[in-house]
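> Predicted model, plus sequence, below.
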Amino acid sequence: MALNCQDAQKLAKSDFEKGKYIYYEYQYLNDKKSSNKAFSNILKKKNIKVIYKTKYPPSCIVEQEGIEKSKKCYQRMMNLEMEAKFGNHFF
């Protein structure tokens with residue numbers, strides 16, 4: 001059974017409080033990937049894992065349900081927690 005959005009957000013907060021830091025970086029398919037390794041290394045020094053996700057233009061987005069929706073909720077909450085702790089400028 002998939003978590004609902006609220007439960008996924010709670011899980012993200014709980015993971016964050018336990019020191020499980022994950023930052024989700026969204027990129028378009030045509031974005032330059034050459035800086036990804038350097039960015040990952042910078043975050044690694046702060047014990048932050050970075051996961052690169054593909055960003056699609058709004059016209060390509062299909063309404064998400066179930067597990068995919070809960071994953072998005074988790075990812076958004078984790079990024080908000082990361083930005084609150086380290087600052088927007090860090091990312």
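All right, it came through fine.
> Spell out which residues sit in contact with residue 50, please.
Counting by Cβ atoms under 8 Å, 6 or more residues apart in numbering, residue 50 touches 22, 23, 24, 25, 39, 40, 43. All C-beta atoms are positioned from the backbone trio N, CA, C, and that covers glycine.
> so the first one, which of the three states?
Using DSSP: H, G, I helix; E, B strand; the rest coil, the structure places residue 22 in strand.
> Who is it paired with across the strands?
Taking DSSP bridges as the rule, residue 22 bridges to residue 49.
> Pull the contacting residues for residue 53.
Applying Cβ under 8 Å, 6+ apart as the definition, the contact partners of residue 53 turn out to be 24, 25, 26, 27, 75.
> quick one: the strands in this structure?
Secondary structure of the chain by DSSP state E: the strands cover 21-27, 48-54.
> if I look at the residue nearest the centre of the chain, how far off is residue 12?
The geometric centre of the chain, computed from its C-alpha atoms, lies nearest to residue 24 (Cα atoms, centre = their mean), at 2.5 Å. As judged by Cβ to Cβ, to the nearest Å, residue 24 and residue 12 stand 10 Å apart.
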